[in-house]
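Enquirer: The following comprises the amino acid sequence and a computationally predicted model.
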Amino acid sequence: MKEYEYKVSAAGRINIIGEHIDYCGGKVMPAAISLKNTVYIRLNGTNKINLSWTTLPDKVSLDIDKLESYKDIKYGNYQAGAALMWQRAGHKIIGCDMLHDCTVPFGSGLSSSAAIEVSTIVALATIAGEPLDKVDIALKAQQAEREYAGVNCGIMDQYASACGKKDYVMLLDCNTLECEYLPLRLGNYSLVITNCNKPHNLIESKYNERRAETDEALKILKQKLGISRLAELNGAQYKAFHSSLPQVLRKRVEHIVSECERVRIATLALKAGNMDMLGGLLNRSHASLRDNYEVTGREPDALVEAAQAQSCCLGSRLIGGGFGGCTISLVKTGSIDEFKEFVYNSYLQATGYKAEFYNTDIADGITIEKLI
Ligand code: GLA
C-alpha cells in the first residue's frame with residue numbers, strides 16, 4: 001500500500017470572550033489550541049474518498065459524484081459536507097484515502113467539527129496542489145456546518161481553526177472578518193480548560209433557536225433604529241428601546257449588548273496585562289450566558305461555581321455554544337494543581353460527574369507536513 005503523502009491538521013479552539021456574538025456581527029476573541037484533527041492523505045486513483053479513523057473501526061467510502069447524499073451517516077458526514085462545499089466552489093476533488101486522527105473531544109465546545117471540516121478541505125486542496133486561502137477555507141467549512149450539518153453557526157470556530165497563530169489570540173470582527181492578533185500574555189496566570197463531561201443533546205436545535213431569537217429581535221429593532229446587526233446596538237440604545245421587545249428577546253439582546261462591551265474591555269485588559277479585570281469579565285460573561293442567554297445548565301454552572309470559589313482563580317466561564325462542554329478559568333500558574341483537585345472534588349460532589357482537565361497550548365490553526 002502506498003504511503004500517506006501529507007499530514008495536515010486543523011485546530012480546535014477556545015474563546016476567551018465574546019460568546020454568541022459572531023452571528024450578531026460583533027467581535028470575538030478566540031484562539032486555536034493544540035488539540036486538533038489530523039488527516040493523513042494519499043491519492044488512490046479512484047473516484048472515492050475513503051475515510052478511516054485512528055480511534056474507530058469504521059471505514060466509510062464517499063463517492064465524489066454523490067457527496068450530497070451522506071448527511072445522515074454516523075461518521076464521515078462532516079468530511080462529506082466539507083468536500084461538497086469545496087467542490088461546489090469549483091474545486092476539483094481527486095480520489096484519495098484519508099486517515100483521521102482527532103484529539104479534540106467531541107461535543108466539548110472546543111469545535112471538533114470545525115477542526116474536521118477545515119482539515120478535510122486543507123487536505124483536499126493540498127493533495128490537488130492548490131494554493132491555500134485560509135479565510136476562504138474557513139468560509140467553506142462554515143458553509144458545510146450550516147448547510148450540511150444543519151447548525152446555523154457563525155464564523156468564529158472555522159476562522160479560528162484555520163487562521164489561528166501559536167501564542168496569539170485573535171480579535172476577530174465577525175462583520176468584516178478583519179482580525180487583530182494579540183499576544184496572549186497572562187503574567188503569572190494560565191488558562192485552564194475543564195470539561196464538565198455531561199453528555200449534551202439538543203444542542204443543535206437550541207443553538208438554532210437562540211440564533212432565530214436574535215434574528216427576530218434584530219427585525220424589531222431595525223424598524224426603530226436602522227441597525228443592520230445586533231452587535232451595532234449600544235447600551236444607551238438598548239435602554240431606550242428594550243421595552244419594544246418581548247421579555248425573552250429582551251434578555252437575549254441584553255446579553256449581546258453587554259457581551260460586546262465585555263469584549264471591548266477585555267481587549268484593553270489583555271493589552272494592559274490587567275488580569276483582575278480580565279477575570280472579572282469572564283465571570284460576568286458566564287452570569288449573562290446563564291441568566292440572559294440561558295445556554296448554561298446545572299453542570300456547567302456547578303463547574304464554574306467551583307472554579308470561582310478558589311482565590312487562585314480570577315474568573316471562569318462556559319465556552320462555545322453552551323448546554324454542556326468546557327469552561328475556561330484564569331488561574332494562578334503556581335496553584336493549578338490545587339485548583340484542579342478542588343474543582344474536581346467539589347464538582348463531583350455537586351453533580352456526580354467527573355470533570356476532565358486538558359493540557360493544551362495556544363497553537364497554529366493549520367499545519368501541513370509533506371511525508372514522502
Ligand atoms: C458555536 C458556534 C459558533 C459560536 C459559538 C458561540 O461554537 O459554532 O459560531 O456562535 O457557538 O459563541
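Expert: Yes, it's here.

Enquirer: contacts, neighbours, all on C-alpha from now
Expert: Fine.

Enquirer: burial of the residue in the stretch 251-372 of the chain positioned nearest to the ligand, as a residue count?
Expert: Residue nearest to the ligand within the stretch 251-372 of the chain (CA to the nearest ligand atom): residue 321, separated by 3.3 Å. A count of neighbours around residue 321, defined by other CA atoms under 10 Å, yields 23.

Enquirer: quick one: what helix or strand has it in it?
Expert: Following DSSP states H and E, one finds residue 321 outside all helices and strands.

Enquirer: Phi first, then psi, for it.
Expert: The phi and psi values for residue 321, taken as degrees, to the nearest 10, are phi -70, psi -30.

Enquirer: Please tell me I have it right and residue 321 contacts residue 22.
Expert: No: the criterion here is CA atoms under 8 Å, and residue 321 misses it with residue 22 at 11.1 Å.

Enquirer: For the ligand, tell me whether the strand or helix carrying residue 82 is touching it.
Expert: According to DSSP H and E, residue 82 maps onto helix 77-88. No: using CA under 6 Å from any ligand atom, helix 77-88 stays clear of the ligand, with a minimum separation of 13.4 Å.

Enquirer: chain center to that helix: distance?
Expert: Computed by CA atoms, centre = their mean, to the nearest Å, the chain-centroid distance of helix 77-88 equals 19 Å.

Enquirer: Tally up the residues packed near residue 358, please.
Expert: Residue 358 is flanked by 12 other residues according to other CA under 10 Å.

Enquirer: show me the contacts for it.
Expert: Contact analysis of residue 358 by CA atoms under 8 Å, 6 or more residues apart in numbering lists 192-194.

Enquirer: how about a cut-off of 6 Å?
Expert: Residue 358 is in contact with residue 193, counting by CA atoms under 6 Å, 6 or more residues apart in numbering.

Enquirer: Give me the pLDDT for it.
Expert: We have a pLDDT of 97 for residue 358.

Enquirer: try residue 203
Expert: At residue 203, pLDDT is 76.

Enquirer: Give me the spatial nearest neighbour of it, chain neighbours excluded.
Expert: Nearest non-adjacent residue to residue 203, counting by CA to CA, 6 or more residues apart in numbering: residue 323, 6.5 Å away.

Enquirer: Correct me if wrong: that neighbour contacts residue 299.
Expert: No: at 8.7 Å, residue 323 does not count as touching residue 299 under the criterion of CA atoms under 6 Å.

Enquirer: For the two, indicate the residue with more neighbours.
Expert: Taking other CA under 10 Å, residue 323 and residue 299 do not tie; residue 323 has more neighbours (27 against 22).

Enquirer: The more buried one belongs to a helix?
Expert: No: according to DSSP: H, G, I helix; E, B strand; the rest coil, residue 323 belongs to no helix; its state is coil.

Enquirer: helix or strand right after the strand ranked longest in the chain?
Expert: When the chain is scanned for its longest strand (criterion: DSSP state E), the result is strand 30-43. Downstream of strand 30-43, the next assigned helix or strand under DSSP H and E is strand 48-53.

Enquirer: what angle separates that following strand from strand 30-43?
Expert: Using axes from the mean of the first three to the mean of the last three CA atoms, to 10 degrees, the direction of strand 48-53 lies 120 degrees away from that of strand 30-43.

Enquirer: neighbouring contacts of strand 48-53?
Expert: So strand 48-53 is in contact with 59-64, 95-101, going by CA under 6 Å, 6+ apart.

Enquirer: Next, the angle from that strand to helix 77-88.
Expert: Here the directions of strand 48-53 and helix 77-88 differ by 150 degrees (the same axes, to 10 degrees).

Enquirer: Adjacent strands (with direction) for strand 48-53?
Expert: Strand pairing for strand 48-53, determined by DSSP bridges: strand 59-63 (antiparallel), strand 96-102 (parallel).

Enquirer: what's the distance between the shortest one and the middle of its chain?
Expert: Just to be clear, that refers to strand 59-63. Offset of strand 59-63 from its chain centre (CA atoms, centre = their mean): 27 Å.

Enquirer: The last one now?
Expert: Between the mean C-alpha point of strand 96-102 and the mean C-alpha point of its chain there is a distance of 22 Å (CA atoms, centre = their mean).

Enquirer: Using PDB, write out every CA atom in that strand.
Expert: The C-alpha trace of strand 96-102 is given here as PDB (Å, rounded to 0.1, in the frame of the first residue of the first chain):
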ATOM      1  CA  CYS A  96      -8.000   9.800  -2.000                       C
ATOM      2  CA  ASP A  97      -7.600   7.900   1.200                       C
ATOM      3  CA  MET A  98      -7.900   9.900   4.400                       C
ATOM      4  CA  LEU A  99      -7.000   8.700   7.800                       C
ATOM      5  CA  HIS A 100      -8.400  11.000  10.500                       C
ATOM      6  CA  ASP A 101      -7.000  11.400  14.000                       C
ATOM      7  CA  CYS A 102      -9.000  13.800  16.200                       C
END
